[in-house]
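J.: Need the 3D shape of this:
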Amino acid sequence: MLDPALLESRIKSALPDAQVTIRDLTGTGDHFEARVVSAAFEGKGMVDQHAAVYAPLQDLLDSGELHALALRTYSPEQWKKFGAPRT
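T.: Residues are numbered from 1 along each chain as shown. Reported below is the predicted structural model:
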């Protein structure tokens, strides 16, 4: 069973400026959703953004310890426009 803090730490090691939110989708510790906001995503397409998040987690995915990771990735500008809660 994976600790969401481990996933957050790994993602932040690859994307130090990232704001990361991890949610366990099933309570089984192997299906997660991650929201990642990082300036590193500026000007990159979704595939490249997702690849940057998957890279530091690849060993967990390969081993099956991390079975599924749903991603929502945003640059800070995209987050302001599409993701940030409206007030």
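J.: hey, let's count contacts and neighbours off CA atoms from now on
T.: Noted.
J.: now the top helix by length along the chain, how far from the chain's geometric center?
T.: Scanning the chain for the helix with the most residues, using DSSP state H, yields helix 4-14. Helix 4-14 sits 8 Å away from the centroid of its parent chain (CA atoms, centre = their mean, to the nearest Å).
J.: Next, name the residue at the spatial heart of this structure.
T.: By CA atoms, centre = their mean, the chain has its centre lying nearest to residue 34, at 4.0 Å.
J.: Helices of this structure, residue ranges please.
T.: 4-14, 46-54, 58-63, 76-78.
J.: Report the buried residues of the third one.
T.: To tie it back to what came earlier, the one meant is helix 58-63. The neighbour-count check on helix 58-63 (16 or more other CA atoms under 10 Å) flags residue 61 as buried.
J.: quick revisit: on contacts alone, who are the packing partners of the longest helix of the chain?
T.: Applying 3 or more CA pairs under 8 Å, 6 or more residues apart in numbering; DSSP states H and E, one finds that helix 4-14 makes contact with strand 19-24, helix 46-54.
J.: Enumerate every residue touching residue 23.
T.: 4, 32-34 (CA atoms under 8 Å, 6 or more residues apart in numbering).
J.: Also residue 5?
T.: Residues counted as contacts of residue 5 (CA under 8 Å, 6+ apart) are residue 22.
J.: what sits against the closest residue to the residue nearest to the centre of the chain other than its chain neighbours?
T.: Counting by CA to CA, 6 or more residues apart in numbering, the nearest residue to residue 34 once its immediate chain neighbours are dropped is residue 22, at 4.5 Å. Contacts here follow CA under 8 Å, 6+ apart; on that basis residue 22 touches 4-5, 7-8, 32-35.
J.: Now restrict those residues to buried residues only.
T.: 4, 7-8, 32-35.
J.: could the residues you listed be laid out in a markdown table, adding pLDDT?
T.: Below are the buried ones among the contacts of residue 22 laid out as a markdown table (pLDDT from 0 to 100):
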| residue | pLDDT |
| --- | --- |
| 4 | 95 |
| 7 | 97 |
| 8 | 97 |
| 32 | 97 |
| 33 | 97 |
| 34 | 97 |
| 35 | 96 |
